[in-house]
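1. please work out how this folds:
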Amino acid sequence: QVQLVESGGALVQPGDSLRLSCAASGGTFGGYTMAWFRRPPGKDLQFVAAIKWNGDSTWYSDSVKGRFTISRDKAKNTVSLQMNTLKEEDTAVYYCAASRTVILSSLRRSSAYASWGQGTQVAVSS
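-> A predicted model of the protein is given here:
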């Protein structure tokens, strides 16, 4: 069974950078799509970014494109989210998700992902 554990959340100031990590275990991830979602206070879950475990394809939400970078380290079985120029509206609980079967048209939907981490809190405030 796939297990995902996020880390790296913190309280930072606007304009700061932060790097989140997701440690994946319990499976072989070739063919998986890995993603980051977030839930801002009082709002629904939002797609942030996704990456194919094999290959270089990445996808981003419009709100983070150009500021966030998703990457994966096959040797360490980790997926990272580098977040630069953070804004107060980036405040949220960030979740790592994994799917072996998601298709391109569905990868921005949380329902397409079967495995989830417990989340890590990111707070951006001056």
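2. centroid residue for this structure?
-> Residue closest to the average C-alpha location in the chain (Cα atoms, centre = their mean): Trp36, at 1.9 Å.
3. beta partners of it?
-> Ala49, Cys96 (DSSP bridges).
4. in this structure it contacts Gly9, no?
-> No: here Trp36 does not reach Gly9: they are 11.8 Å apart, not a contact under Cβ atoms under 8 Å. In short, each C-beta sits where N, CA and C put it, glycine included.
5. shared neighbours of those two, anything?
-> In the contact map built from Cβ atoms under 8 Å, 6 or more residues apart in numbering, the residues linked to both Trp36 and Gly9 are 20, 94.
6. make sure Val124 is actually in contact with Leu86.
-> Yes: using Cβ under 8 Å, Val124 is in contact with Leu86, at 4.7 Å.
7. give me the common contacts of those two.
-> Listed as contacting both Val124 and Leu86 by Cβ under 8 Å, 6+ apart are 12-14, 16.
8. redo those as CSV? Include pLDDT.
-> CSV is the format used below for the shared contacts of Val124 and Leu86 (pLDDT from 0 to 100):
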residue, pLDDT
Val12, 98
Gln13, 98
Pro14, 98
Asp16, 98
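9. quick one: buried ones out of those residues?
-> For the shared contacts of Val124 and Leu86, a neighbour count by 16 or more other Cβ atoms under 10 Å gives the buried set as Val12.
10. and for Asn54, nearest residue in space, chain neighbours not counted?
-> Once flanking residues are discounted, Asn54 sits nearest to Gly30: 5.3 Å by Cβ to Cβ, 6 or more residues apart in numbering.
11. likewise Ala35?
-> Leaving aside its sequence neighbours, Ala35 sits nearest to Ala50 (Cβ to Cβ, 6+ apart; 3.9 Å).
12. so after the helix or strand harbouring Ser71, what's the next helix or strand?
-> In the assignment (DSSP states H and E), Ser71 maps to strand 68-73. Counting by DSSP H and E, the next helix or strand C-terminal to strand 68-73 is strand 78-83.
13. other SSEs contacting that following strand?
-> strand 18-25, strand 33-39, strand 46-52, strand 68-73 (3 or more Cβ pairs under 8 Å, 6 or more residues apart in numbering; DSSP states H and E).
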